[in-house]
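Novice: Quick one: sequence plus predicted model below, questions after.
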Amino acid sequence: MHERRPGLDPAVAEVRRAVRAALEGRQGAVIVALSGGADSLALTAATAFEAARLGIRVEAVVIDHGLQQGSDAVAHRAAEAARGLGIDARVVAVEVGSADGPEADARTARYAGLTGAAAEVGADVVLLGHTLDDQAETVLLGLARGSGATSLGGMPAERRDATGPTWLRPLLGVRRSATAAACAAEGLEPWADPHNLDPAYTRVRVRERVLPALEDELGPGVAEALARTAEQLREDAAAFQDMIDETIEDIVEHAEAGISISVAALAANPAALRNRIVRYVVESEFGVSLTRSQTLEVARLAVDWRGQGPIDLPSCVARRVGNRIEIVARASAPDRRRLS
């Protein structure tokens, strides 16, 4: 009588299915971003398993931000865990700046380190361990900041950089509880980052207080609902972007030190598209993001013209000249990016 093998743990199977869907049809090497936490460790284990079946070379990259005492030891333990799963691993130490706040600066350094490692390995894909819970937190943060539909769309499952790798998030449909369960089932010991419990960070307060309170008051399923909302808004944003790309070719022209937009054509568009055109044109040309109020003031030059003067914007000035709105650089504005 043969011994019956126990079935595959459901959490392990769920994570592997998500990774398999992301990797199928791809060729060449891939990088998996490993912090040592449960999410990235479960992702690394699933990627090691699925990549071997698909004949894909995979390497884990652990970013050492150097922000905590002993971070180098934590990073090397994570790399050893990846090697124990049968894949290559490296630790990349990065220097975190102080320009945009600790979370944003650490993220900038982390992505730069991953981009550099991908180039060295020859990988054009980087896998990130963000889960459905991370997506829900991102949507709530965007809602609290009044950031608009684009921000509420959360994190994309796939994002291609013009000069860097493609960023994949296979686990956006997987709960954080599933990654923890997958690690436990495979005998993996995740590292508990103390920053993930520090209420000084806004995201931690959303994770530990806000979402649980919503679940208590509104019932289970809030995180899934927020993630579905993000997916729907990303679809809307993609449709709007296609419309913007078609529209700006006809209504936007280069002007001296900037660009100009047809007043009549801009005013003829519905407000949602009109405002997106304004924001997109300014960001593409000058590399700055307009607030809601700034966007509306520029749009008023087309739809509510009463002789108002120039509008000061970050790095540029908007003004109405005849039947066009000119948006031009300030004399001191550096490093403008041309609208392609």
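Specialist: That came through, no problem.
Novice: these two touch, right, residue 305 and residue 321?
Specialist: No. Here residue 305 does not reach residue 321: they are 11.6 Å apart, not a contact under C-beta atoms under 8 Å. Every residue, glycine included, has its C-beta placed from N, CA and C.
Novice: Which parts of this structure are strands?
Specialist: 30-33, 58-64, 88-93, 125-127, 158-160, 166-168, 252-255, 258-262, 311-313, 316-321, 324-329 (DSSP state E).
Novice: how about those in a markdown table, adding mean neighbour count and mean pLDDT?
Specialist: Listed next are those as a markdown table, based on neighbours: other C-beta atoms under 10 Å; pLDDT from 0 to 100:
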| stretch | mean neighbour count | mean pLDDT |
| --- | --- | --- |
| strand 30-33 | 27 | 97 |
| strand 58-64 | 25 | 95 |
| strand 88-93 | 17 | 95 |
| strand 125-127 | 24 | 97 |
| strand 158-160 | 13 | 91 |
| strand 166-168 | 21 | 96 |
| strand 252-255 | 16 | 88 |
| strand 258-262 | 21 | 93 |
| strand 311-313 | 16 | 94 |
| strand 316-321 | 19 | 94 |
| strand 324-329 | 22 | 94 |
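Novice: Out of these, which is closest to residue 39?
Specialist: The closest of these to residue 39 is strand 30-33. By C-beta to C-beta, the value is 10.1 Å.
Novice: Can you get me a residue count around the closest residue to residue 122 other than its chain neighbours?
Specialist: Spatial nearest neighbour of residue 122, excluding adjacent residues (C-beta to C-beta, 6 or more residues apart in numbering): residue 29 at 5.6 Å. Residue 29 has 17 neighbouring residues, counting by other C-beta atoms under 10 Å.
Novice: got it, and residue 65?
Specialist: Residues near residue 65, counting by other C-beta under 10 Å: 20.
Novice: okay but it is in contact with residue 112, surely?
Specialist: No. Taking C-beta under 8 Å as the definition, residue 65 is not a contact partner of residue 112, at 11.4 Å.
Novice: anything in contact with each of these two?
Specialist: Residues touching both residue 65 and residue 112 (C-beta atoms under 8 Å, 6 or more residues apart in numbering): residue 94.
Novice: Run through the helices of this protein in chain order.
Specialist: 10-23, 38-54, 71-84, 102-121, 132-145, 149-152, 176-185, 202-205, 211-218, 222-251, 263-268, 271-286, 292-303 (DSSP state H).
Novice: can you redo these as a markdown table with mean neighbour count, mean pLDDT and distance to residue 162?
Specialist: Output for the helices of the chain, formatted as a markdown table (neighbours: other C-beta atoms under 10 Å; pLDDT from 0 to 100; distance: least, C-beta to C-beta, whole Å):
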| stretch | mean neighbour count | mean pLDDT | distance to residue 162 |
| --- | --- | --- | --- |
| helix 10-23 | 20 | 97 | 21 |
| helix 38-54 | 24 | 97 | 25 |
| helix 71-84 | 17 | 94 | 29 |
| helix 102-121 | 17 | 90 | 12 |
| helix 132-145 | 20 | 91 | 23 |
| helix 149-152 | 18 | 75 | 19 |
| helix 176-185 | 20 | 97 | 31 |
| helix 202-205 | 16 | 90 | 28 |
| helix 211-218 | 12 | 93 | 34 |
| helix 222-251 | 15 | 90 | 15 |
| helix 263-268 | 16 | 95 | 27 |
| helix 271-286 | 20 | 92 | 13 |
| helix 292-303 | 18 | 94 | 25 |
